[in-house]
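# The following block contains a protein sequence and its predicted model.
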Amino acid sequence: MQYDAIVVGAGPAGSTAAREIASRGKSVLLLDRAKFPRDKPCGGGVTIRCADLLPFSIEPVVEHVVTGAVMGGPKGPNVIRNAGKTLTYMTQRRHLDAFLVERAQEAGVEFRDGSPVRAITEQNDGTFEVTVGRTTEGAETHTSRVLIGADGANGVVGTFLGFEHVAEGAVALEGNIATPNGTPAWLNGRVALNLGLMPGGYGWVFPKGDHVNVGVGGWKGVAGEHLRTTLDSYTRSVGWDPAQLTNVRGHHLPMQRPGQEVTVRGVALIGDAAGFVDPLSGEGIYGAIASGVAVAPAAVDYLDCRVPDMRGYRLAVQRELLPDIVASRGLMEVFHAWPTPAVLLATHSGRLWRQFCDLLTGDESYASIVRSTGPFAPTLGPLASVARRLTVARYGAR
Ligand SMILES: Cc1cc2nc3c(=O)[nH]c(=O)nc-3n(C[C@H](O)[C@H](O)[C@H](O)COP(=O)(O)OP(=O)(O)OC[C@H]3O[C@@H](n4cnc5c(N)ncnc54)[C@H](O)[C@@H]3O)c2cc1C
């Protein structure tokens, strides 16, 4: 079959791009290798800045509304903070992703789950041939002028078309603990964060409808082999027996390298496939949905032959996503180079808490927070370079 656009991967990035392109009158095929609803290792936290990118409410899949946090560090006591406004919605990915796919189907997207993409070739006229199927015998081929890779880090689209692989910056491990008596009072309306629990990351407890999600993450080269023991000790420290953890799963969080290409001719990478995970917080659903929104106008301009390629998407990324990723990476480097004072500041500064809340609601960006430091703003880049050298010397390969 022939389509205007084929989107590979039906996570938040793929379903958003597919919906946005179809709603502009184009035929779109959305493919995922998994049978839906499918789960994905993820805390399922959707910040308000992220939910606001969508033209509909995600309320049907929200299991808990977060307005505050219990924050501490590996050494310090916990501090309870309340924002007085909604910061984040807690969802489960199997429900959220299926919900987003349904909205795409309503916009006219043809969705096929259980459809792994096996091969991609680019024809001389610039169209793509996408081969789908578990075996060669049952394989089908579809063609399109626009191809979008929303298939996660090291996905097939980037691999077949020769994009440089996204760096796997961090890894995280998470599991669930049933709460048959409801969310414990101390966690009601709050998340628990243990900042700097692992080098390059943190520990979290997220309340959901009938369980809590407990997770830990950090730099792949340092935290990787300690993930399970840290998850167990962290679970114990927040009052549960790690033996109660179910569905324990890990995954990496791919991070953009500066200057990494995201589009060539009629193909573009979005979401984790392009490494749009926030380096400081590990939030990836925002980057997934934001890049899915950003790619659609460029794809339609290309399909309507108004432009020779999808460089409009590259420009949108440079304008709307990269400044924040760069600022977040700088703050992440500084935070983890000097974790003890950084945790103390993050947990006790009222100003930082307010800025953190405004970041989650989209009233501030990392870039605007850095700018608000006035004469110190230009020092973040050089300071981050020193911080990076320090942590590489301290931990070796990160
Ligand atoms: C433990 C952990 C906790 C996290 N917690 C949070 C959080 O609370 N909040 C947050 O914002 N972010 C969180 N993240 C990050 C977030 O999960 C990702 O950034 C986000 O899922 C990226 O969305 P995506 O659509 O780009 O990719 P994905 O959601 O990974 O979707 C990619 C899709 O592509 C499909 N696919 C892959 N290959 C093929 C193929 N060959 N053919 C067809 N389909 C294919 C896969 O089946 C999958 O459905 C967390 C990450 C981890 C690891």
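Cool, the structure landed. Numbering: from 1, shown residues only.
# Look up how far the ligand lies from Thr47.
7 Å (Cβ to the nearest ligand atom, to the nearest Å). Using the backbone N, CA and C atoms, a C-beta is placed for each residue, glycine as well.
# The ligand contacts on the stretch 201-350 of the chain?
Residues of the stretch 201-350 of the chain lying close to the ligand by Cβ under 6 Å from any ligand atom are 215, 251, 253, 271-272, 277, 282-286, 288.
# and the residue in the stretch 151-300 of the chain that the ligand sits nearest to, what pLDDT?
When scored by Cβ to the nearest ligand atom, the stretch 151-300 of the chain has Gly284 as its residue closest to the ligand, at 1.7 Å. With respect to pLDDT, Gly284 has a value of 97.
# which residues does the residue lying closest to it once chain neighbours are set aside contact?
Sequence neighbours aside, Val277 is the residue nearest to Gly284 in space, at 4.1 Å (criterion: Cβ to Cβ, 6 or more residues apart in numbering). Contact partners of Val277, counting by Cβ atoms under 8 Å, 6 or more residues apart in numbering, are 169-170, 253-255, 283-284, 287.
# In terms of pLDDT, where does Val277 sit?
pLDDT for Val277: 96.
# what comes up buried for the helix or strand Cys50 falls within?
Secondary structure from DSSP states H and E places Cys50 in helix 48-51. Within helix 48-51, the residues scored as buried using 16 or more other Cβ atoms under 10 Å are 48-51.
# Please identify which helix or strand holds Trp240.
Under the criterion of DSSP H and E, Trp240 resides outside all helices and strands.
# Contact partners for it?
Going by Cβ under 8 Å, 6+ apart, Trp240 touches 177, 212, 214.
# next one: Gln355
364, 369, 372.
# quick one: what helix or strand has the closest residue in space to Ala5 that isn't next to it in sequence in it?
In space, and not counting its chain neighbours, Ala5 is closest to Val146: 4.0 Å by Cβ to Cβ, 6+ apart. In this assignment (DSSP H and E), Val146 forms part of strand 140-149.
# Which neighbouring elements make contact with that strand?
strand 2-8, helix 12-22, strand 128-132, helix 156-160, strand 267-269, helix 285-303 (3 or more Cβ pairs under 8 Å, 6 or more residues apart in numbering; DSSP states H and E).
# Quickly, which of those bottoms out on average pLDDT?
Across these, helix 156-160 has the smallest mean pLDDT, namely a mean of 92.
# Distance check, the closest residue to Cys42 other than its chain neighbours against Thr246.
In this structure, Cys42 finds its nearest non-sequential neighbour in Arg93, 4.8 Å apart by Cβ to Cβ, 6+ apart. Distance of Arg93 to Thr246, given as Cβ to Cβ, to the nearest Å: 15 Å.
# and the two? which has more neighbours close in?
Arg93 (19 against 10; other Cβ atoms under 10 Å).
# Surely that one and Lys40 touch.
Yes. Counting by Cβ atoms under 8 Å, Lys40 is a contact partner of Arg93 at 4.6 Å.
# mind giving me the domain split of the protein?
Structural domains annotated on the chain: 2-41+94-166+256-320, 65-86+170-251, 324-395, as defined by automatic domain parsing.
# contacting residues around Gly217?
170-173, 198, 200-202, 223, 227, 253, 282.
# Next step: the contacts of Trp240 restricted to strands.
177, 212, 214 (DSSP state E).
# Filter the residues you listed down to the buried ones.
Buried members of those, scored by 16+ other Cβ under 10 Å, are 177, 212, 214.
# got the contact list for the residue in the chain sticking out farthest from the centre?
Within the chain, the residue lying farthest from the chain centre (Cα atoms, centre = their mean) is Glu137, at 35.2 Å. By Cβ under 8 Å, 6+ apart, the contact set of Glu137 is empty.
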